[in-house]
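Undergrad: Build the 3D model from these lines:
(2 chains)
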Amino acid sequence: MLLLTILVVLVLWAVFVFNGFVALRNRTEEAWADIEVQLKRRYDLIPNLVNTVKGYATHESSAFENVTKARSKAMGAGGNLADKGQAENMLTGALRSVFAIAEAYPDLKANQNFLALQNELSDTENKIQAARRFYNGNVRDLNIKIESFPSNILAKMFEVSKKEFFDLADDDVAQNPVGVKF
Amino acid sequence: MTVFFVVIILFGWFFSFYYNNPNILYFFVIFSVLMNFFSYWYSDKIVLALAGAKEAKREEYFDLYTSVENLSITAGLPMPKLYVVGDPAPNAFATGRDKNNSVVCVTSGLLAILTKPELEGVIAHELSHVGNRDMLLSTVVVVLVGFVSIIADVFRRNLFFGNISRDRDNDRSGGLVVLIGIILSILAPIFSLLIELAISRKREFLADASGALLTRYPEGLASALKKISKYGKPMARQSSAIAHLYIADPKGSQFGKKVMGLFATHPPVEERIKALVG
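TA: Alright, predicted model coming up:
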């Protein structure tokens, strides 16, 4: 009787933990889809930006080429999250240089279309950061559960694999250094 | 809401005492419990009508709208409906029965005096209320408090009116039990109300903490709270029915100082700031 009770409790526990894994994995995948939505939005905005800026800054073709190249590279990068993160970082850098160029052209800076695009792009960048933090939070929860005892036994049994964090170099933390108190 | 609930029950108690008919009290308690459920279910619509809010469009309030959008993504919540109340007093609240029917509302005064990191801190606080399901919790607690007061009342009535008819030659030890029972039945409703208010204050601290976790910048919310509490003037259009929803007391900080800490729905601003930035 005691043995049976222990068995039932064990099975219930296993079901509970397993369902927890399923929920976390799905949430992580959903979070990743959110990131891709925002990344895609940025890819879609870039051709518009290049066309708008080209009309004013005709001598800066190398910057446009850089952006276009970085965009197609980022769109092609798949699978490995580290590579993907690097490609997205390059794209962010190339976009910054385009906006830096725009500073030298007052007509361009006054263009409504350009201003709207600039707003949209900086908003998209904020959204990528937000989606990335939600994704990383879920990955952290999943990885903690996979590694910690006793759920790690079940993780091995059901072959639940850890997920990768999605890192982008320019982080909130890097921009605003944390104050240290003693 | 809580004040309203207590007032209704007090009314009911008074009437039932006057007519010596407990049914009146039960009617009032059940009536206010039903009102509570009703207002919980339709909280988004009722509150907006009370506060006189209008919907915030993305084009008009770009910074506000995108901040809410970004923070909901970070929190993993669906985008709440966003409203702005035209009022110079800085304040904000969130309501709604669940995360799919949630509403976040800010005053135009809040938008005018806060910087973007501060605004994000306030919105993260409100989104945390949605994420932590504080509306559901407070409704459940209010209903529980109502039931405690019914039970305590039933007990008291049985003592006063029921016991006399029964055999009086009971042993002495019964007297002490009855005395303790009377004291408990009087104290229980008061304590349950105090517990309810204490829970409300704890949830404010929790929302501050989860909000800081969302923005990773507790200083933003701290300085926003400082600015809001410094404003001090009451809101032009306020209603005590929804006072507990706001991030700061809509009657202005002068009122907050007079109320004893034990009976406040929100903890003192100084304590909140201290908890945020240490």
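Undergrad: Chain B against chain A: which residues are in contact?
TA: Contacts of chain B with chain A, taken as C-beta under 8 Å from any C-beta of the partner chain, map to B:62, B:66, B:69-71, B:73-76, B:216-217, B:278. No exception for glycine: its C-beta is placed from N, CA and C like everyone else's.
Undergrad: List buried residues within those residues.
TA: Taking 16 or more other C-beta atoms under 10 Å in any protein chain shown as the criterion, what is buried in those is B:66, B:69-71, B:73-76, B:217.
Undergrad: What is the burial count for B:L194?
TA: 14 (other C-beta atoms under 10 Å in any protein chain shown).
Undergrad: per-residue pLDDT, it?
TA: B:L194 is assigned 78 on the pLDDT scale.
Undergrad: swap in A:I6?
TA: On the pLDDT scale, A:I6 is placed at 93.
Undergrad: Does it lie in a helix or a strand, and which?
TA: helix A:2-56 (DSSP states H and E).
Undergrad: That helix: how far from the chain's middle?
TA: Between the centre of helix A:2-56 and the centre of its chain there are 11 Å (C-alpha atoms, centre = their mean, to the nearest Å).
Undergrad: helix or strand right after it?
TA: Past helix A:2-56, the next helix or strand by DSSP H and E is helix A:61-76.
Undergrad: which outside residues touch that next one?
TA: For helix A:61-76, contacts defined as C-beta atoms under 8 Å, 6 or more residues apart in numbering or on different chains pick out A:39, A:43, A:46, A:49-50, A:53-54, A:84, A:87-88, A:90-91, A:93-95, A:97-98, A:101.
Undergrad: do the same with stretch B:198-211
TA: B:2, B:121, B:124-129, B:131-132, B:134, B:137-138, B:141, B:221, B:244, B:264-267, B:272, B:275-276.
Undergrad: ditto for stretch B:37-45
TA: Stretch B:37-45 has contacts (C-beta under 8 Å, 6+ apart) with B:1, B:46, B:81, B:95-97, B:101-103, B:135-136, B:139, B:143.
Undergrad: ends of that stretch, how far apart?
TA: End-to-end distance of stretch B:37-45: 14 Å, with C-alpha to C-alpha, to the nearest Å as the criterion.
Undergrad: Average pLDDT for it, rounded please.
TA: Across stretch B:37-45, the average pLDDT comes to 73.
Undergrad: now the helices: where do they sit in chain B?
TA: In chain B, the helices defined using DSSP state H lie at B:2-19, B:22-41, B:43-51, B:62-75, B:108-113, B:116-131, B:134-157, B:163-165, B:173-215, B:218-231, B:253-258, B:269-277.
Undergrad: which of those is buried the deepest?
TA: Stretch with highest mean neighbour count among the helices of chain B: helix B:116-131 (a mean of 24; mean count of other C-beta atoms under 10 Å in any protein chain shown).
Undergrad: could you point out where the stretch 151-278 of chain B is predicted with low confidence?
TA: For the stretch 151-278 of chain B, residues meeting the criterion pLDDT under 70 lie at B:157-174, B:232, B:237-245, B:249-263.
Undergrad: related to what we said a few turns ago, whichever of the contacts of helix A:61-76 end up buried, select them in PyMOL.
TA: Selection of the buried residues among the contacts of helix A:61-76 in PyMOL, burial being defined by 16+ other C-beta under 10 Å:
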select buried, chain A and resi 39+46+49+50+53+84+87+88+90+91+94+95+98+101
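Undergrad: For the residue of chain A found nearest chain B, which residues are in contact?
TA: Ranking the residues of chain A by distance to chain B (C-beta to the nearest C-beta) places A:A130 first, at 4.0 Å. Going by C-beta under 8 Å, 6+ apart, A:A130 touches B:70-71, B:73-74.
Undergrad: swap in B:R58?
TA: B:65-66.
Undergrad: at 6 Å instead, please
TA: B:Y65 (C-beta atoms under 6 Å, 6 or more residues apart in numbering or on different chains).
Undergrad: Could you find the closest non-adjacent residue to the residue positioned nearest the centre of chain A?
TA: Nearest to the mean C-alpha position of chain A, by C-alpha atoms, centre = their mean, lies A:R132 at 3.8 Å. Nearest non-adjacent residue to A:R132, counting by C-beta to C-beta, 6 or more residues apart in numbering or on different chains: A:F166, 5.4 Å away.
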